[in-house]
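Engineer: model the following, please.
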Amino acid sequence: MSEITTIGLDLAKNTFHVVGCDARGKAIRRKMLKRAQVTAYFANLPACLVGMEACAGAPFWARQLRGLGHEVRLIPPQHVKAYVRGNKNDYNDARAIAEAVRRPDMRFVAVKTTTQQDTQALHRLREARVAERTALCNQLRGLLAEYGIVLPQGAGQLRRQLPSLLEDSENGLSGDFRLLLSQGYRQLQELDGHIDFYTGRLKHHARHNEAVGRLQTVPGFGPVVASVFHAAVGDGQGFRRGRDVSAALGLVPRQHSSGGKTVLLGISKRGDRYLRSLLVHGARAVVRQAGRRDDRLGRWIRRLQATRGFNRTVVALANKLARIGWAILRHETVYRPA
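Structural biologist: Numbers count the residues shown, from 1 in each chain. I've put the predicted structure just below:
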């Protein structure tokens, strides 16, 4: 009987589907497993190559199966679709994964450590609270405008002026609306507290993580950007070159070529939207201060801005910063202005 050398594992919340293939790629075993059965099943198998889609729960199971001696590779879900045969079902998905993981030119996703996942969870919670605060501020400003009170934009302006608006008895606000406004102000203070807590944890992590500290030597990389970049890229070994990092973050041009004619469009905007936006914000701050820089990066920014404009320069610099960040993690060095 042929021995299983490759397994495609289709992940789910409660039910997992396994397709095992031999050295020739022929499917020789199909099995459905409950969550509680997965570890014991793979513990009784000889060491083999296991493929999974890079989805929710995949890093956990990858670490579990690696601990049992298996080689585990995570595949971007969009790269698996081309190998699905027949109708969409869990066994066909697992069979497609088993076929895709054997391809020599397949691109894989690095397995995140628990530390990386902890940092990403922290960023996701912080991002959600920031979005809630922005929505609340916009809502309160809109409601105040209905009463003829127009405040400048920004959470800081709202935070400073709300107490005086609540105390001013001559501004025409009704008692009922003052009560609602007071509740909104307390909600804003609570969100500020949550965001301050998450930001404090990020800064603590940045101070005690050597790799994050090295990233902060890069222009535009503060504690928040450096920590989320490290959580996404890890030690840089999952990428062959800096351009692959930029491509994974959607900071390279989309291409539409045919008949030997190459057409480059705007950036692809694939991958981690949150990290991409932080890199762009950091790059924007660096471009605005480029006139004060007398190093090679400052001269490059000024030349590019003179010919391509501010916004394109910002995106180009975000691309460059992503590559620099990868090089610092990969080669364990720091940024040295030239």
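Engineer: following the least confident helix or strand in the chain by mean pLDDT, which helix or strand shows up next?
Structural biologist: Scoring the helices and strands of the chain by mean pLDDT, DSSP states H and E places strand 264-267 at the bottom, with a mean of 72. With elements assigned by DSSP states H and E, the helix or strand that comes after strand 264-267 is helix 273-288.
Engineer: now for R24: which residues touch it?
Structural biologist: Contact criterion CB atoms under 8 Å, 6 or more residues apart in numbering gives S2 as the residues in contact with R24. Backbone N, C-alpha and C define where each C-beta goes, glycine included.
Engineer: what does the pLDDT read for it?
Structural biologist: R24 is assigned a predicted lDDT (pLDDT) of 90.
Engineer: and it, how close does it get to V72?
Structural biologist: Counting by CB to CB, to the nearest Å, the gap from R24 to V72 is 22 Å.
Engineer: what does stretch 160-167 rub up against?
Structural biologist: For stretch 160-167, the surrounding residues in contact (CB under 8 Å, 6+ apart) are 140, 144, 149, 151, 171, 173, 178, 181-182, 185, 188.
Engineer: residue nearest the middle of this protein, spatially speaking?
Structural biologist: Most central in the chain under CA atoms, centre = their mean is D272, positioned 3.5 Å from the mean C-alpha point.
Engineer: buried ones in stretch 4-17?
Structural biologist: Of all the residues in stretch 4-17, those buried under the rule 16 or more other CB atoms under 10 Å are 4-11, 16-17.
Engineer: show me where pLDDT drops low in the stretch 51-200 of the chain?
Structural biologist: Screening the stretch 51-200 of the chain residue by residue with the criterion pLDDT under 70, one finds no matching range.
Engineer: report the buried residues of stretch 307-327.
Structural biologist: 313-327.
Engineer: wait, R243 sits on L251?
Structural biologist: No - look at R243 against L251 with CB atoms under 8 Å: they stay out of range, at 9.6 Å.
Engineer: which one's more surrounded, these two?
Structural biologist: L251 (28 against 15; other CB atoms under 10 Å).
Engineer: can you count the residues close to K269?
Structural biologist: As a burial measure, K269 scores 11 neighbours (other CB under 10 Å).
Engineer: what secondary structure does the nearest residue to it once chain neighbours are set aside sit in?
Structural biologist: Leaving aside its sequence neighbours, K269 sits nearest to G250 (CB to CB, 6 or more residues apart in numbering; 4.3 Å). Assigned by DSSP: H, G, I helix; E, B strand; the rest coil, the conformation of G250 is coil.
Engineer: pLDDT score for G250?
Structural biologist: As predicted, G250 sits at a pLDDT of 90.
Engineer: quick one: contacts for it?
Structural biologist: Contacts for G250 (CB under 8 Å, 6+ apart) come out as 267-273, 276.
Engineer: go through the contacts of stretch 160-167 and name the one nearest Y198.
Structural biologist: Distance from Y198 was checked for each of those by CB to CB. The minimum falls on L188, at 16.0 Å.
Engineer: neighbours around K88, how many?
Structural biologist: For K88, the tally of surrounding residues (other CB under 10 Å) stands at 8.
Engineer: what sits against V109?
Structural biologist: Under the criterion of CB under 8 Å, 6+ apart, the contact partners of V109 comprise 54, 74-76, 238.
Engineer: next one: phi and psi at it?
Structural biologist: When quoted as degrees, to the nearest 10, the phi and psi of V109 stand at phi -100, psi 130.
Engineer: what bridges to it?
Structural biologist: V109 has these beta-bridge partners by DSSP bridges: L74.
Engineer: send the alpha carbons of stretch 235-252 over as PDB?
Structural biologist: Only the C-alpha atoms of stretch 235-252 are listed here, as PDB (Å, rounded to 0.1, in the frame of the first residue of the first chain):
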ATOM      1  CA  ASP A 235      12.200  37.900  11.000                       C
ATOM      2  CA  GLY A 236      11.900  38.500   7.200                       C
ATOM      3  CA  GLN A 237      12.800  34.900   6.300                       C
ATOM      4  CA  GLY A 238       9.400  34.400   4.800                       C
ATOM      5  CA  PHE A 239      10.200  36.800   1.900                       C
ATOM      6  CA  ARG A 240      13.000  36.400  -0.600                       C
ATOM      7  CA  ARG A 241      13.500  40.100  -1.200                       C
ATOM      8  CA  GLY A 242      12.200  43.500  -0.200                       C
ATOM      9  CA  ARG A 243      10.000  43.800  -3.200                       C
ATOM     10  CA  ASP A 244       8.000  40.700  -2.100                       C
ATOM     11  CA  VAL A 245       7.100  42.600   1.100                       C
ATOM     12  CA  SER A 246       6.000  45.600  -0.800                       C
ATOM     13  CA  ALA A 247       3.900  43.400  -3.100                       C
ATOM     14  CA  ALA A 248       2.300  41.600  -0.200                       C
ATOM     15  CA  LEU A 249       1.300  44.900   1.300                       C
ATOM     16  CA  GLY A 250      -0.200  46.200  -2.000                       C
ATOM     17  CA  LEU A 251       2.400  49.000  -2.500                       C
ATOM     18  CA  VAL A 252       3.500  47.900  -6.000                       C
END
